[in-house]
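[1] sequence and predicted structure below; questions after.
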Number of protein chains: 2
Amino acid sequence: MELREILGRRRMVRSYLPDPVPEETVQRIVTTVRRAPSAGFSQGHRLVVVTDPGTRAELARLAGEDEYVAAGSQAWISTAPVHVVVGVREESYHERYRQPDKLSDGEEIGWPAPYWYVDAGALFMLLQLAAIDEGLATGVYGVLPEQAPELKALLGIPDDVHFVCVVTIGHPTTDPIEPTRVSRRTQQRLALDELVRWD
Amino acid sequence: MELREILGRRRMVRSYLPDPVPEETVQRIVTTVRRAPSAGFSQGHRLVVVTDPGTRAELARLAGEDEYVAAGSQAWISTAPVHVVVGVREESYHERYRQPDKLSDGEEIGWPAPYWYVDAGALFMLLQLAAIDEGLATGVYGVLPEQAPELKALLGIPDDVHFVCVVTIGHPTTDPIEPTRVSRRTQQRLALDELVRWD
């Protein structure tokens, strides 16, 4: 699919059909990690693919789905057939930048921004685009910091990998429900010149 | 262009022809900010487009181009015709998540990760893909934390906007120079199953 078409189709989808996604399709989507940039080719990206209904239900519980439902929203997290947990191993960046070709005056550089999270965001974007390219829809959710250790334990994610977010992937319902907690209509769109300035 | 073709073309380019990029092309690329996700539609993304040769030379100086050149590399930052400075206003996220529909037990949520940097990475990725879609090439550079205040002052970036990185955009030379400081050949590629795990 053309990039412009994919971008035009991207939206936060919170309503999926129960149909599973073929494993080879998921494989193509997650292999996009190979195309994700990482500072110094640090390769700190770490993904976990979850399709097991029991594990998905556990993830939904950790993300507070019960509370959403109690507040009147539809249960959507547990219904998404594929969850891709995005993590990043910050230490991979420090290890890379302690190698001789990266040292500055004999020391690891100071980081202008946490590039491990920036690179995680680049991958997060690629996963969404790759899924839409497969005719699927995506959503995203996180868990509160106090739930992250349990999520990591559930999935066997090592202590030194930071949890970032979870991308949900699946076939959208033909009539997607309205966004619930996040709604563009509740947030005024900023003018383009508030976001982009020309020197 | 098809997404898969764009992804196949993406690489870190550090050698540009002096040809300028038409303003309407740059406009199409940076307008991709409209397609970038932001948690809660916080819209904290902030871009500054730089094409002025004097300002580009200043940016190159802040990024340490003189040192790269002294170390035997080609001056590439100052030669890229378009620089898109990516910044993010973290406070936009806190303001958004202090609105009634986002409060948790009456308070702003704890953040599992700095989503402003994650979203900045998503935009950073989109800018690269959009530029390649226009037949152009991209690179990226940062400045050390101690240079960030001067960069922000140079470009009039407000104090409350974090500097993230700069995306360079231009026509690649037909025979791009080899990467200098970052080289994939110096870094062993991890096996896919070290990056992706299936539940």
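    Structure received.
[2] may I see the buried residues of the longest strand along chain A?
    When chain A is parsed with DSSP state E, its longest strand is strand A:162-170. Buried residues in strand A:162-170, counted by 16 or more other CB atoms under 10 Å in any protein chain shown: A:162-170. Where C-beta positions appear, they are placed from N, C-alpha and C, glycine not excepted.
[3] and chain B, which of the residues you listed contact it?
    Residues shared between the buried residues of strand A:162-170 and the neighbourhood of chain B are A:162-165 [CB under 8 Å from any CB of the partner chain].
[4] determine which two of those residues are furthest apart.
    Using CB to CB, the two most remote members of those are A:His162 and A:Cys165, lying 10.6 Å apart.
[5] overlap of the contact sets of these two?
    Common contacts of A:His162 and A:Cys165, defined by CB atoms under 8 Å, 6 or more residues apart in numbering or on different chains, comprise B:Ala113.
[6] quick revisit: is the helix or strand just after the longest strand of chain A up against chain B anywhere?
    Next helix or strand after strand A:162-170 toward the C-terminus (DSSP states H and E): helix A:192-195. Yes - with CB under 8 Å from any CB as the criterion, chain B is reached by helix A:192-195 at A:192, A:195.
[7] off-centre distance for helix A:192-195?
    How far helix A:192-195 lies from its chain's middle: 26 Å, per CA atoms, centre = their mean, to the nearest Å.
[8] outside of that helix, which residues touch it?
    With CB under 8 Å, 6+ apart as the test, helix A:192-195 has contacts from B:31, B:33-34, B:43, B:45-47.
[9] am I right that A:Glu95 is in a helix?
    Yes - counting by DSSP: H, G, I helix; E, B strand; the rest coil, A:Glu95 is part of a helix.
[10] before we move on, back to that, okay, the ones next to chain B among the buried residues of strand A:162-170 in TSV with pLDDT next?
    As requested, those are exported to TSV (pLDDT from 0 to 100):
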residue	pLDDT
A:His162	98
A:Phe163	98
A:Val164	98
A:Cys165	98
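[11] could the residues you listed go into TSV alongside distance to B:Leu62?
    Below are these laid out as TSV (distance: CB to CB, whole Å):
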residue	distance to B:Leu62
A:His162	29
A:Phe163	34
A:Val164	29
A:Cys165	32
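[12] which member of those residues is positioned nearest chain B?
    Using CB to the nearest CB, A:Val164 comes nearest to chain B of those, at 4.9 Å.
[13] hey, where'd the helices end up in chain A?
    All helices of chain A, identified by DSSP state H, fall at A:3-9, A:23-30, A:53-62, A:65-70, A:90-96, A:115-133, A:148-155, A:192-195.
[14] list the buried residues of the shortest one.
    Burial within helix A:192-195, assessed by neighbour count using 16+ other CB under 10 Å, is assigned to A:Leu195.
[15] tell me which residue in chain A sits closest to chain B.
    A:Gly121 (2.5 Å).
[16] where does the prediction get shaky in chain A?
    By pLDDT under 70, the low-scoring segments of chain A are A:174-186.
[17] now, the most widely separated pair of the buried residues of strand A:162-170?
    So, the buried residues of strand A:162-170 by CB to CB: farthest apart are A:His162 and A:Gly170, at 25.5 Å.
[18] any idea which residue of chain A is furthest from its center?
    In chain A, A:Asp105 marks the outermost C-alpha relative to the chain mean, sitting 36.0 Å out by CA atoms, centre = their mean.
[19] for it, give me its contacts.
    Contact analysis of A:Asp105 by CB under 8 Å, 6+ apart lists nothing.
[20] neighbours around A:Val69, how many?
    14 (other CB atoms under 10 Å in any protein chain shown).
[21] got the contact list for the residue nearest to it when sequence neighbours are not counted?
    Nearest non-adjacent residue to A:Val69, counting by CB to CB, 6 or more residues apart in numbering or on different chains: A:Ala75, 5.1 Å away. For A:Ala75, the contact set (CB under 8 Å, 6+ apart) comprises A:60, A:65, A:68-69.
[22] tell me, how many residues neighbour the residue lying closest to A:Leu47 once chain neighbours are set aside?
    Spatial nearest neighbour of A:Leu47, excluding adjacent residues (CB to CB, 6+ apart): B:Val196 at 4.5 Å. Neighbourhood size, B:Val196 [other CB under 10 Å]: 20.
[23] please apply the same query to A:Lys102.
    Neighbours of A:Lys102 under the rule other CB under 10 Å: 18.
[24] doesn't A:Ile109 make contact with it?
    Yes - between A:Lys102 and A:Ile109 there is a contact under CB atoms under 8 Å: 7.1 Å.
[25] quick one: A:Pro172 and A:Met12 touch, right?
    No - counting by CB under 8 Å, A:Pro172 sits too far from A:Met12 to count as a contact (10.8 Å).
[26] return the most buried member of the helices of chain A.
    helix A:115-133 (a mean of 26; mean count of other CB atoms under 10 Å in any protein chain shown).
[27] now do that one: distance to the chain's middle.
    Relative to the centre of its chain, helix A:115-133 is centred 7 Å away, using CA atoms, centre = their mean.
[28] alright, calling it a day.
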